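> quick one: sequence and predicted model below, then my questions.
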Amino acid sequence: GDSVTQTEGQVALSEEDFLTIHCNYSASGYPALFWYVQYPGEGPQFLFRASRDKEKGSSRGFEATYDKGTTSFHLRKASVQESDSAVYYCALGDFNMGYKLTFGTGTSLLVDP
Amino acid sequence: SVLLYQKPNRDICQSGTSLKIQCVADSQVVSMFWYQQFQEQSLMLMATANEGSEATYESGFTKDKFPISRPNLTFSTLTVNNARPGDSSIYFCSSSSLQDTQYFGPGTRLLVL
C-alpha cells in the first residue's frame, strides 16, 4: 500500500536557521503530495500541495518540490521563527482511491528564540 | 477552503459506554473523513463517509465499533461504542474541497476511564 516516510522525528533549531524536513513516499499511482502543520491542541492545517512532477508548492515561507524520480517532497524554509514550532506532517493523497490521505509519522520542530 | 466544527471539544466517559462526536461543515462537501490520533502520534484514517451511502472503513476499524452516519452534505456523526481506555485519543473529522485538499476540524479529545 501507499506509505510516507519522514526520517526526522524531532528537529531543534535556532531562529533564522535553515530548515529541511525530509519526506519520501511510496505509491503505486501518481499521488498528490501535501504538507500539513499541527499546533498543540489544534487540528492539522493545510500548508500546501503539489500534484505533478517538478511542481513546487509553497506557503508562509515554506516550500517543497515534487520529485517523482527520487519520490520525495522535502520541506524547506530559509529562515525559521519561534512561531514555526509545531509538528509537520507530509501526506499523500491517492485520488484514485477516493481522496484518502496517508500521513507520515510527523516531525516535531522546536525553534529557540 | 472548508471550515469544520466538532462537538464536543472533549469528553470523559466510563468504559463500556457509548458516545457521539458531531462534525459540521460550513458548506456542502462530498466526502467526510474521520481520523484517530493517539498522543504524540500521527493521524490514522478510520473511515470515509459519503452522503447517502454506508461509510467505508479502513483496516482495524469496524462499523460495529465506530458507526458513522452521514445524513446530508454538511453533517456527520462518529459514535464510539463500548468505549475502552484504548480508545482514548483525539478524533478529527475532515472534508475535501473541490480542489481535493482536505481540511480538518479542531478535534475531539476523548478520555475513557
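Sure thing, it's come through. Numbering: from 1, shown residues only, chains lettered A, B, ... in the order given.

> any idea how far whichever residue of chain B sits closest to chain A is from B:Leu73?
In chain B, the residue that lies nearest chain A is B:Phe104 (3.7 Å; CB to the nearest CB). For the C-beta atoms, the positions are set from N, CA and C on the backbone; glycine is no exception. Look at B:Phe104 and B:Leu73: by CB to CB, to the nearest Å, they are 18 Å apart.

> which SS class is the residue nearest to the residue of chain B closest to chain A when sequence neighbours are not counted?
Closest residue to B:Phe104 apart from its sequence neighbours, by CB to CB, 6 or more residues apart in numbering or on different chains: A:Gly43 at 3.7 Å. Classification of A:Gly43 using DSSP: H, G, I helix; E, B strand; the rest coil returns coil.

> ok, residue 106 - contacts?
Just going to use chain A. Going by CB atoms under 8 Å, 6 or more residues apart in numbering or on different chains, A:Gly106 touches A:6, A:9, A:38, A:87-89, B:41-42.

> hmm, I had chain B in mind actually
Taking CB under 8 Å, 6+ apart as the test, what B:Pro106 contacts is A:42-43, B:4-6, B:9.

> give me the beta-bridge partners of the residue positioned nearest the centre of chain B?
With distances taken as CA atoms, centre = their mean, the residue of chain B nearest its centroid is B:Trp34 (3.5 Å). For B:Trp34, the beta-bridge partners are B:Ala47, B:Cys93 (DSSP bridges).

> quick one: it from B:Leu78, how far?
Distance from B:Trp34 to B:Leu78, by CB to CB: 5 Å.

> overlap in contacts, the two.
Joint contacts of B:Trp34 and B:Leu78 (CB under 8 Å, 6+ apart) are B:23, B:46, B:66, B:68, B:91, B:93.

> one step back: between B:Phe104 and B:Leu73, which has more neighbouring residues?
B:Phe104 (23 against 17; other CB atoms under 10 Å in any protein chain shown).

> ok, that one - contacts?
B:Phe104 neighbours (CB under 8 Å, 6+ apart): A:36, A:43-45, B:4, B:35, B:92-94.
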